[in-house]
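1. return atomic coordinates for the entry below.
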Amino acid sequence: MSEPTASYSFRAKGSWSPVLHISGPEGDLGTLTLRRNRWGMINGAAYAPIKGEKIDIRRDPGILRSQFSLWSEGREWLGASLRWSFIGRIIDLSTGTRAMRLVPLEGFSPGWTLHAPKTGRMAKVHLGASPRVDVYRRMDFEVVLFSLFLAFLSRLESWWPGPAIEDIHDTKASVKAT
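-> Here you go, the predicted structure:
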């Protein structure tokens, strides 16, 4: 298994409208504040970085779960997520150029894995005792943030083990070694 190229830790404060304080290798990066509507349903989030551009996550109109879109401060669309069924746990992400999916971790541990169809595992979101996001491939921080938001939103669903997905990069490395 390959080592992560970057790791981001986070801690949550609050229960009704949680605020996630995110820090990376360089120190504190900013906060992700979840928003609820008047009925209590989470309808989005706002990321306020210490320096850089603010990011907004909004619930898209529709009845499916995990149907959100990611927007920059300048109203530029950065990505979207969709869960195709009410009982399915796989969340599809799209950034316009790359399709990805978020699946629960293997085994009985809370967390999610972000996979790309051609390159394999991109990141893991660990939601246990030491919550963090481990990044294995080069990817934009906005996608890491979006994955963290979706994983945190669906954290109770990740306790049951997810499907075993073979990492393409590790398979290629083992083929070259033989």
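2. rest of the way, CA atoms for contacts and neighbours
-> Will do.
3. what about the closest residue to Ser69 other than its chain neighbours, neighbour count?
-> The spatially closest residue to Ser69, leaving aside those adjacent along the chain, is Ala80, at 4.1 Å (Cα to Cα, 6 or more residues apart in numbering). Ala80 has 23 neighbouring residues, counting by other Cα atoms under 10 Å.
4. a strand runs through Ala80, doesn't it?
-> Yes - the assignment for Ala80, made by DSSP: H, G, I helix; E, B strand; the rest coil, places it in a strand.
5. pull the contacting residues for it.
-> Ala80 makes contact with 67-70, 93-95, according to Cα atoms under 8 Å, 6 or more residues apart in numbering.
6. quick one: which of those residues sit in strands?
-> Judged by DSSP state E, strands contain the following of the contacts of Ala80: 68-70, 93-94.
7. let me have those in a markdown table, extended by distance to Phe149, pLDDT and neighbour count.
-> Converted to a markdown table, the ones in strands among the contacts of Ala80 look like this (distance: Cα to Cα, whole Å; pLDDT from 0 to 100; neighbours: other Cα atoms under 10 Å):
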| residue | distance to Phe149 | pLDDT | neighbour count |
| --- | --- | --- | --- |
| Phe68 | 10 | 89 | 24 |
| Ser69 | 11 | 91 | 21 |
| Leu70 | 11 | 91 | 26 |
| Leu93 | 12 | 88 | 27 |
| Ser94 | 15 | 87 | 17 |
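8. tell me which other helices or strands the longest helix along the chain touches.
-> Secondary structure of the chain per DSSP state H: the longest helix is helix 141-153. Helix 141-153 sits against strand 111-116, strand 120-126, strand 132-135, with contacts defined as 3 or more Cα pairs under 8 Å, 6 or more residues apart in numbering; DSSP states H and E.
9. contacting residues for the most centrally placed residue in the chain?
-> Against the mean C-alpha coordinate of the chain, by Cα atoms, centre = their mean, the closest residue is Ser147 at 1.1 Å. The neighbours of Ser147, taking Cα under 8 Å, 6+ apart as the test, are 102, 114, 125.
10. for the biggest strand by length in the chain, buried residues please.
-> Looking across the chain with DSSP E, the single longest strand is strand 27-36. Across strand 27-36, burial judged by 16 or more other Cα atoms under 10 Å covers 29-35.
11. pull the helix or strand with minimum mean pLDDT from the chain.
-> The weakest-scoring helix or strand in the chain, judged by mean pLDDT, DSSP states H and E, is helix 168-177 (a mean of 44).
12. from what I see, Ile50 and Asp28 are in contact.
-> Yes - contact criterion Cα atoms under 8 Å: Ile50 and Asp28 qualify, at 7.5 Å.
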